[in-house]
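Undergrad: Attaching a predicted model along with its sequence, questions to come.
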Amino acid sequence: MQSEQCVETAARRDTILVVDDVELNRVILSEAFREGYRLLEAENGRQALDQVLNKPGRLTAEEFELMKIHTVRGCELLEQIPQYHSNPLFRYAYDICRHHHERVDGRGYPDGLKGEELSIWSQVVALADVYDALTNKRVYKPAFTHEKAMEMIRTGQCGQFQPALVDALAQGLEHHARGPETN
């Protein structure tokens, strides 16, 4: 898989891009990841989280702390599905669930990981998540253009990302925008 496909692959709900030192490989996410999300949505706590996520305007410190627990709670739910623990993709699903809000500079959550402590697959999902959030309307903000979103990502206004991943995102979006006739 070419790096230009990074965004397209990472943004799809049923796949995640795994990047290692040598090549890019597509990995189909395990049923454990999907089951974990299903359980999370069924939780009573999900209603409180939805209220925070759908709130117009800035979050209070307490609301932000509540929002941050979704990473840890999602992993707790994944752990409750023992039939998936032996699936070789379980560790990817768990890592993505827990660390998709970590930052390269260590200022993310829940564990404050930084730099090489972060898996590349959680970084790819984090970048796709930020781009998606920026380019789509939310109750608390309008949708930004592709150009503005990329500027915000490149200048660190919405997190810190590895420059190579940001470049792959830009290339992937350009490739996708050209359409199938010219690719």
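TA: Noted; the coordinates are in hand. Not measured: the values here are computed from a predicted model.
Undergrad: Now do the helices in this structure.
TA: With DSSP state H, the ranges of helices along the chain come out as 6-11, 31-42, 45-53, 61-68, 70-79, 90-99, 120-135, 146-154, 163-178.
Undergrad: Tell me, how many residues neighbour residue 85?
TA: Residue 85 has 12 neighbours, counted by other Cβ atoms under 10 Å. C-betas here are computed from N, CA, C, even on glycine.
Undergrad: Next one: it from residue 122, what distance?
TA: Using Cβ to Cβ, to the nearest Å, residue 85 is found at 19 Å from residue 122.
Undergrad: before we move on, the earlier item: save the helices of the chain as a markdown table, and put in distance to residue 105 and mean neighbour count too.
TA: Below are the helices of the chain laid out as a markdown table (distance: least, Cβ to Cβ, whole Å; neighbours: other Cβ atoms under 10 Å):
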| stretch | distance to residue 105 | mean neighbour count |
| --- | --- | --- |
| helix 6-11 | 21 | 22 |
| helix 31-42 | 27 | 17 |
| helix 45-53 | 24 | 14 |
| helix 61-68 | 17 | 13 |
| helix 70-79 | 18 | 18 |
| helix 90-99 | 14 | 21 |
| helix 120-135 | 12 | 20 |
| helix 146-154 | 14 | 16 |
| helix 163-178 | 13 | 16 |
